[in-house]
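Undergrad: Okay, here's the prediction I keep looking at, along with the sequence it came from:
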Amino acid sequence: MVNYFTISDYALLPQDAFRYISEAHNKTSWIDHVVSSFAMHQTMFNMEVLTEFIFFNLRAVAFTIECPTLPKFDDEVIEPQPYRIDWRQATVQER
């Protein structure tokens with residue numbers, strides 16, 4: 001089965017980029033990836049590893065997504081109405 005996904009970080013970051021830092025073994029590597037559809041990958045740019053943001057041993061990745069048009073929703077948003085139970089009208093079994 002062909003899925004047409006792209007590992008976007010391989011394509012948009014330098015080859016020597018890394019996110020994971022093992023302090024115990026003094027090694028760096030990738031522990032996860034940015035996987036996207038081909039259409040999504042075409043909208044991504046300015047990807048970078050944020051070296052100033054480290055969460056445990058992981059560095060954050062940031063990128064920009066260009067959305068030339070956003071979907072339009074014609075339906076009016078209806079807020080949910082609070083539902084109140086009138087216990088005076090409930091039968092003994094319902095209580």
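TA: Looks like it came in fine.

Undergrad: Would you mind identifying the next helix or strand past the strand ranked longest in the chain?
TA: In terms of residue count, the longest strand belonging to the chain (DSSP state E) is strand 44-55. Per DSSP states H and E, the first helix or strand lying C-terminal to strand 44-55 is strand 58-65.

Undergrad: Report the separation between the most centrally placed residue in the chain and residue 87.
TA: By Cα atoms, centre = their mean, the chain has its centre lying nearest to residue 34, at 9.4 Å. Residue 34 is 53 Å from residue 87, where distance means Cβ to Cβ, to the nearest Å. C-beta here means a position set from N, CA and C on the backbone, and glycine is covered the same way.

Undergrad: Low-confidence ranges, the chain, go.
TA: The model of the chain has pLDDT under 70 over residues 1-2, 74, 95.

Undergrad: quick one, strands of it?
TA: Secondary structure of the chain (DSSP E): strands at 5-7, 20-22, 27-29, 35-37, 44-55, 58-65.

Undergrad: Mind putting these into a markdown table with mean neighbour count and distance to residue 93?
TA: As requested, those are exported to a markdown table (neighbours: other Cβ atoms under 10 Å; distance: least, Cβ to Cβ, whole Å):
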| stretch | mean neighbour count | distance to residue 93 |
| --- | --- | --- |
| strand 5-7 | 15 | 54 |
| strand 20-22 | 14 | 59 |
| strand 27-29 | 11 | 63 |
| strand 35-37 | 15 | 53 |
| strand 44-55 | 12 | 53 |
| strand 58-65 | 14 | 55 |
